[in-house]
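Enquirer: no FASTA, just this:
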């Protein structure tokens, strides 16, 4: 299994805040060692490896993870806690997952 993390650099050269948060969580949890490759989607560089991969996989959010397993199509994960639960097999609470989804999608609202 190969895991690729794609993080984003904004057009003004600053790092994506959410990407920084995810990197910090990966480091603090010790999961960064499970990441095989980190690509940068640099808005200032249209041909950057991360932007090309995002385009190829039709991903419009950062950060995201691509999980490649031999003989299978790549899996794309855009929700960090769900990625941890589903791929790294760590337990997360449903409320933490819902909160992350709500934070990532301000247009959503509770019913």
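Expert: Structure's in. What do you need? Keep in mind that what you see is a predicted model, and the values were worked out from it rather than measured. Numbers count the residues shown, from 1 in each chain.
Enquirer: work out for me the element residue 20 sits within.
Expert: Per DSSP states H and E, residue 20 falls inside helix 17-29.
Enquirer: could you say what helices and strands that helix packs with?
Expert: Under the contact definition 3 or more C-beta pairs under 8 Å, 6 or more residues apart in numbering; DSSP states H and E, helix 17-29 sits against strand 2-9, helix 80-86. C-beta here means a position set from N, CA and C on the backbone, and glycine is covered the same way.
Enquirer: go with 10 Å
Expert: Helices and strands touching helix 17-29, by 3 or more C-beta pairs under 10 Å, 6 or more residues apart in numbering; DSSP states H and E, are strand 2-9, strand 37-42, strand 64-68, helix 80-86, helix 94-104.
Enquirer: ok, which of those comes nearest residue 56?
Expert: Closest to residue 56 of the helices and strands packed on helix 17-29 is strand 64-68 (C-beta to C-beta; 9.8 Å).
Enquirer: okay, now the sheet partners of that closest one, with direction.
Expert: Here strand 64-68 is paired, per DSSP bridges, with strand 2-9 (antiparallel), strand 75-77 (antiparallel).
Enquirer: for residue 30, give its distance to residue 84.
Expert: With the distance defined as C-beta to C-beta, to the nearest Å, residue 30 ends up 12 Å from residue 84.
Enquirer: should've said residue 63
Expert: 13 Å.
Enquirer: any weak-confidence spans in the protein?
Expert: Residues of the chain meeting the criterion pLDDT under 70: 90-97, 99-100, 108-111.
Enquirer: need the contact list for residue 18.
Expert: Residues counted as contacts of residue 18 (C-beta atoms under 10 Å, 6 or more residues apart in numbering) are 7-8, 61-63, 80, 100, 103-104.
Enquirer: how about the contacts made by the residue nearest the centre of the chain?
Expert: Centroid check for the chain by C-alpha atoms, centre = their mean gives residue 64 as the closest residue, at 2.2 Å. The contact partners of residue 64, by C-beta under 10 Å, 6+ apart, come to 4-8, 19, 22, 39, 41, 50, 53-54, 57, 76-80, 83.
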